[in-house]
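Q: Quick one: sequence plus predicted model below, questions after.
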Amino acid sequence: MVGIDSTFLSLLLHPKARPPLDPATNKPLERAEERIEFLIEELTEDGERILVPTPVLSEFLVLAGKDASTYLDEISARRTLLIVPFDQKAAIELAALEIADRQKLGKRGGSTQAWQKVKLDRQIVATAKANNAKRFLTDDTGIRAFAERAGMKVTSTWELPLPPSNTPLLDGVNEPPIDLRSGKESDETTDDPLHLKTGRKIRQEEE
C-alpha cells in the first residue's frame, strides 16, 4: 500500500500539468510526466493500491469546487486508487504518533508550521499507516517528516526514477495540459487559477 497527499493526487489526475520545482535546480522538474507515468506503471505491475486518505480527498475536493463531483467520479473509477477513512483505527494511530512526538520533539513534532497544518499532516499520515501503507508519496516537508517517523519510506517527485532508456519516450511531453473534463488541450499554458493541477495552493492555504 502506498499513501499519497493532495499534490500527488493532483499529478496522478493531471500528469501533463506544469511540474513541481526540483529543489536541486529550483527549476521545473525535468520529464515529470514520464516519472509519474512510470510510477503508475510500476505500482500497477506490482499490484499496489494507492491510498487516498479522506483528509487528502477533502482538501482536494474543496479546491475543486463545483467540479468536485466530476473529480470524485474520476477517483472512484480508478481501480488503483483506494479512498481510506480517518476512522477509529486511524484515530488510535494518530494518538500514538502525537504522543511519541510530544515526548521527544514537542507538541508540533519539531515542525515550525501552523498548528492546524501540523494536525492535518498527522491525520493524513496516521490514516495511511492505519491502512498498512509502507510507502508515502509527498513533496511536503511536514508530511515527509511525520511519515518517516511513522516508519514509511517517503518519495518526492524529484526522487521518482525515469523509465529505462530502452522505453520509448511519451508522446506529447511538451504539449499543453489536457483538461480531464473535456479531453481537450487546454488553452491555458500556465497553472489554472486555483493551482489544482499541482496542488500548491492547497498546501499554501494551510501554512
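A: Perfect, thanks for sending it.

Q: For residue 87, list the residues it contacts.
A: Contacts for residue 87 were tallied using C-beta atoms under 8 Å, 6 or more residues apart in numbering; they are residue 130. All C-beta spots, glycine's among them, are computed from the backbone N, C-alpha and C.

Q: Point out where the protein drops to low pLDDT.
A: Filtered on pLDDT under 70, the chain yields the residue ranges 166-207.

Q: Enumerate the helices of it by residue range, in sequence order.
A: Assigned helices in the chain, in chain order: 6-13, 32-45, 54-64, 68-77, 88-104, 115-130, 141-149, 200-206 (criterion: DSSP state H).

Q: so who does residue 32 touch?
A: For residue 32, the set of contacting residues under the criterion of C-beta under 8 Å, 6+ apart consists of 11, 19, 20, 157.

Q: Next, find the distance separating the last one from residue 121.
A: From residue 157 across to residue 121, the span is 18 Å (C-beta to C-beta, to the nearest Å).

Q: returning to what we had before: what's the most buried one of the helices of the chain?
A: Mean neighbours per residue, mean count of other C-beta atoms under 10 Å, is largest over the helices of the chain for helix 6-13, with a mean of 24.

Q: Inside strands: which ones of the contacts of residue 32?
A: Among the contacts of residue 32, the subset assigned to strands under DSSP state E is empty.

Q: Residue 66: which of those is nearest?
A: Set against residue 66, the nearest of these by C-beta to C-beta is residue 11 (21.8 Å).

Q: From residue 165, how far out is the closest one?
A: In terms of C-beta to C-beta, residue 11 sits 23 Å off from residue 165.

Q: Redo the helices of the chain as JSON lines? Include distance to residue 25.
A: Written out in JSON lines, the entries for the helices of the chain read as follows (distance: least, C-beta to C-beta, whole Å):
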{"stretch": "helix 6-13", "distance to residue 25": "18"}
{"stretch": "helix 32-45", "distance to residue 25": "13"}
{"stretch": "helix 54-64", "distance to residue 25": "27"}
{"stretch": "helix 68-77", "distance to residue 25": "31"}
{"stretch": "helix 88-104", "distance to residue 25": "32"}
{"stretch": "helix 115-130", "distance to residue 25": "26"}
{"stretch": "helix 141-149", "distance to residue 25": "18"}
{"stretch": "helix 200-206", "distance to residue 25": "17"}
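
Q: which stretch among these comes nearest residue 161?
A: Comparing these against residue 161 with C-beta to C-beta, the closest turns out to be helix 32-45 (6.7 Å).
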